[in-house]
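In: pasted the sequence and its predicted model underneath.
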Amino acid sequence: MRIGIVCYPTFGGSGVVATELGKGLADKGHQVHFITYNQPQRLDFLNENVFFHEVRFQHYPLFEYPPYETALASKMVDVVKYEKLDLLHVHYAIPHASAAYMAKQILASQGIHIPVITTLHGTDITLVGKDASYEPVVTFSINQSDGVTAVSADLAQETYDTFRISRHIEVIPNFIDLSRFRKQPKEHFKMAICPNGEKLLVHTSNFRKVKRIEDVIGMFAIVRKQTGAKLLLVGDGPERQRMENLCREYDLCDDVRFLGKLDAVEELLSVCDLFIMPSEKESFGLAALEAMACEVPVISSNTGGLPELVIQGKTGFMSNVGDLEDMAKNALFILQEENLPHFKAASLARAQEFDIHNILPKYEAFYEQISFQSKVVLA
Ligand code: GMT
């Protein structure tokens, strides 16, 4: 198939899922055309089936806010037409689903019919999309997509609960490339960070409020009182400075390191003992899956799609949002020498269920189904 993938080119979340999906599809012989405003971060390989189309937009003094959605829709029209695409798959509803709707209408007026699939990732529904400034457009464009997927059953349910959705949402969970995310022997790094055999805790995110990084730091402060431990904070975003200040306030600077954005996060995860994800909301928790694939158990909140990933008491523990005492108690339990190997093994086993080779065929089957249904509607 010739597939257009529209996504954000960013490090985390939906951009990563879209890029890894495209790479996987290209490996299986599909022709994949990425349409986005920058080269996607994880599009770091050569494959004869992968193409990249940059959305460029004109800056004009009149535009305080450049009309990205218009430029994106125009680019979609161009790529669908000239690359003869069979299907458009847009990741993250805002503004990709409404831009795809616009492109579809323009193409239809020229006799070209292109099915559109929208994948909902999380904040496009749970945080941003439900805001009155976007809701009518999000509702409309989800209903107008030919197919809709959500990355967890919880997100699908929240979409039904929040918007007036009159259509089926297919749940296709996120996935992991186990050839990349696997435990790697990087012990020298661990020795340097934890010279006295301290346990190594880690959090990776885009440092937005929804991630509740203050809870990572708060629970780490409790853990550190009981046992030698270090904390790595990976990523960057609006909360970074506030979190650095918090570490200073708690007098934790010697034991907490801010590493910024990292390309090879799997190398770092490989030497960590515990991953912390206390998010206010998390529709799937891809970063937790990446950690589990590197044999790192997870302490998380029990929100959103996390209970569909973490197995309570086996691959980690989930607590109520903000319950730092419970998170710290569970962390200390996992970190005990006699418990840690069991949690590590179970985390890897669970991650293997989300192997890209298990999940990718679900997308391919959905593409076939939606393409077929669109043809039937047209006939
Ligand atoms: O976590 C974010 O804020 C980024 C966001 C995105 O769409 O890029 O992530 C969401 O999509 C990920 C990939 O499907 C999910 O694993 C994350 O759980 C989800 N984030 C939230 O729901 C907060």
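Out: In hand now; what should we look at?
In: wait, a helix at Leu43?
Out: No. Counting by DSSP: H, G, I helix; E, B strand; the rest coil, Leu43 is located in no helix; its state is coil.
In: Ile217 versus Asp251, what's the distance?
Out: 12 Å (Cβ to Cβ, to the nearest Å). For the C-beta atoms, the positions are set from N, CA and C on the backbone; glycine is no exception.
In: these two - which one has more neighbours?
Out: Applying other Cβ atoms under 10 Å to Asp251 and Ile217 shows that Ile217 carries more neighbours, namely 23 against 9.
In: list the contacts for that one?
Out: 231, 243, 246-247, 250, 252, 256 (Cβ atoms under 8 Å, 6 or more residues apart in numbering).
In: do that again at 10 Å, thanks
Out: 203, 231, 233, 243-244, 246-247, 249-250, 252, 256, 276, 278, 324 (Cβ atoms under 10 Å, 6 or more residues apart in numbering).
In: same deal with Gly111?
Out: Contacts of Gly111 (Cβ under 10 Å, 6+ apart): none.
In: re the thing from before, any idea which of the contacts of Ile217 has the most stuff around it?
Out: Within these, neighbour counts (other Cβ under 10 Å) peak at Ile276, which reaches 31 neighbours.
In: sec struct for that one, please.
Out: strand.
In: distance of it from Glu295?
Out: 16 Å.
In: what sits opposite Leu88 in the beta ladder?
Out: Gly4, Val116 (DSSP bridges).
In: that one is in contact with Ile112, isn't it?
Out: No. At 11.5 Å, Leu88 does not count as touching Ile112 under the criterion of Cβ atoms under 10 Å.
In: need the residues touching each of the two.
Out: 80, 103-104.
In: find the helix or strand that Val138 is a member of.
Out: Val138 belongs to helix 135-144 when assigned by DSSP states H and E.
In: I meant Pro195, not that one.
Out: Using DSSP H and E, Pro195 falls outside every helix and strand.
In: list the contacts for it?
Out: Lys230.
In: and the gap between it and the ligand?
Out: 33 Å (Cβ to the nearest ligand atom, to the nearest Å).
In: again, but for His30
Out: Distance from His30 to the ligand, by Cβ to the nearest ligand atom: 21 Å.
In: ditto for Ile370
Out: For Ile370 relative to the ligand (Cβ to the nearest ligand atom), the value is 19 Å.
In: could you do Pro61 as well?
Out: From Pro61 to the ligand the distance is 31 Å (Cβ to the nearest ligand atom).
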